[in-house]
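Q: here is my input, please return the structure:
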Amino acid sequence: MIIDMHYHLDERMETMDRLLDQMEKFQIDKTALIAPMVDPFHVEGVAEKLAHFVRSLLTGFWHRLGLVAYESTVTKSGKFSILGKMYNIDQLPDNNLVSRAIKAHPDKFYGWIFINPAEKDAVGEIEKFIKTTGWIGVKCHPFWHQYPVARLDDAAAFCSEKGLPLLIHLGGKKDNGDFRYLPENHPKLKIIYAHAGVPHYQKLWPYAKSQKNVYIDLSSPYLDEPLRQAALNAMGHEKCLYGTDGPFGYPADDGLYNHGAIVDEIDRFPISTKQKEGILGTTFAGLAGI
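A: Residues are numbered from 1 along each chain as shown. Below is the predicted model:
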């Protein structure tokens with residue numbers, strides 16, 4: 001079974017019909033959807049080269065400079081900025097969009113409940129949706145939504161009690177990027193750090209590996225193939241999960257998203273077939289109780 005456990009549903013960038021066609025083409029059995037949170041943008045051309053440069057800073061000697069560059073992509077007014085262009089960030093992503101997709105295609109989709117504790121009661125938002133079939137966990141973005149990880153305490157306690165995984169995209173500052181806070185204050189919480197723990201990468205991996213309930217996903221153009229391999233080497237296959245972060249990056253021949261790109265990279269990992277199956281879906285299925 002292949003489960004894409006990290007995909008942003010945004011029909012402005014990829015229609016439902018194309019998403020379903022791509023899932024069939026690349027034998028992706030299930031996709032876990034996340035509500036859209038930013039205006040459409042594309043990681044290609046100069047933007048792709050810039051992403052590579054920032055990634056090189058974050059994974060090299062100039063890590064601190066990389067953190068500054070990483071944080072600079074979100075303005076004080078709460079917009080995403082790349083190459084001088086500004087894109088609105090939705091402070092309250094609409095979980096109803098994912099709910100409708102799950103109801104229309106229950107055999108294809110799961111859903112993450114997107115929360116922003118800086119704007120709305122997070123536990124109330126989780127309770128609103130979690131009783132409905134298809135929801136498998138909670139998504140949060142303290143980086144783009146600009147709040148400290150500690151603001152997730154109530155949601156983390158709820159998820160820990162209910163056995164729900166929490167998918168989190170960290171920031172680069174001390175408060176919004178504190179990857180030790182949740183494991184140490186909520187030891188039973190199942191945590192997935194998005195994009196191999198960007199922007200901390202190698203600084204996060206030894207800590208995450210030592211924590212029983214902490215995982216990473218391998219999604220997004222925040223990573224490339226060598227960095228995915230490095231994450232696998234550091235964390236072990238049992239701690240790594242397949243996701244795409246589609247429809248961002250990895251353009252196909254038609255200019256839209258290539259759902260097979262990261263699957264192909266994982267298939268090239270020098271590990272056993274069973275271990276690849278774990279990364280591609282079975283580990284996440286066990287983690288999410290599906």
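
Q: from here on, just use CA atoms for contacts and neighbour counts.
A: Fine.

Q: what about the helices in the stretch 151-290 of the chain?
A: Under the criterion DSSP state H, counting those that start in this stretch, helices of the stretch 151-290 of the chain are mapped to 153-162, 181-185, 205-210, 225-235, 261-267, 273-277, 283-288.

Q: right, I mislabeled it, should have said the stretch 1-150 of the chain
A: 16-25, 46-58, 63-71, 95-104, 122-130.

Q: which of these has the lowest average pLDDT?
A: Sorting those by mean pLDDT places helix 46-58 lowest, at a mean of 87.

Q: return the distance of stretch 141-157 from the chain's centre.
A: From the chain centre to the centre of stretch 141-157 is a distance of 15 Å (CA atoms, centre = their mean, to the nearest Å).

Q: closest to residue 31 out of the helices of the stretch 151-290 of the chain?
A: helix 283-288 (11.5 Å; CA to CA).

Q: hmm, who's touching the closest one?
A: 3, 5, 136, 137, 164, 165, 190, 238, 241, 278 (CA atoms under 8 Å, 6 or more residues apart in numbering).

Q: so for it, mean pLDDT?
A: For helix 283-288, the mean per-residue pLDDT is 97.

Q: please export the C-alpha coordinates of that helix as CSV.
A: What follows is helix 283-288, C-alpha atoms only, in CSV (Å, rounded to 0.1, in the frame of the first residue of the first chain):
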residue,chain,number,x,y,z
THR,A,283,4.4,2.6,9.0
PHE,A,284,2.0,5.6,8.6
ALA,A,285,-1.0,3.3,8.5
GLY,A,286,0.1,1.9,11.9
LEU,A,287,0.9,5.3,13.3
ALA,A,288,-2.5,6.7,12.3
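
Q: show me what counts as buried in that helix.
A: Buried residues in helix 283-288, defined by neighbour count with 16 or more other CA atoms under 10 Å: 283, 284, 285, 287, 288.

Q: next one: stretch 168-180
A: For stretch 168-180, burial by neighbour count (16+ other CA under 10 Å) applies to 168, 169, 170, 171, 172, 173, 175, 176, 177, 178, 179.

Q: can you pull the buried residues of stretch 118-131?
A: Buried residues in stretch 118-131, counted by 16+ other CA under 10 Å: 118, 122, 123, 125, 126, 129, 130.

Q: can I get the buried residues of helix 283-288 in JSON lines with distance to residue 256?
A: As requested, the buried residues of helix 283-288 are exported to JSON lines (distance: CA to CA, whole Å):
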{"residue": "283", "distance to residue 256": "29"}
{"residue": "284", "distance to residue 256": "26"}
{"residue": "285", "distance to residue 256": "28"}
{"residue": "287", "distance to residue 256": "31"}
{"residue": "288", "distance to residue 256": "29"}
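
Q: pick the one among those closest to residue 46.
A: For these, the nearest to residue 46 is residue 284 (34.1 Å; CA to CA).
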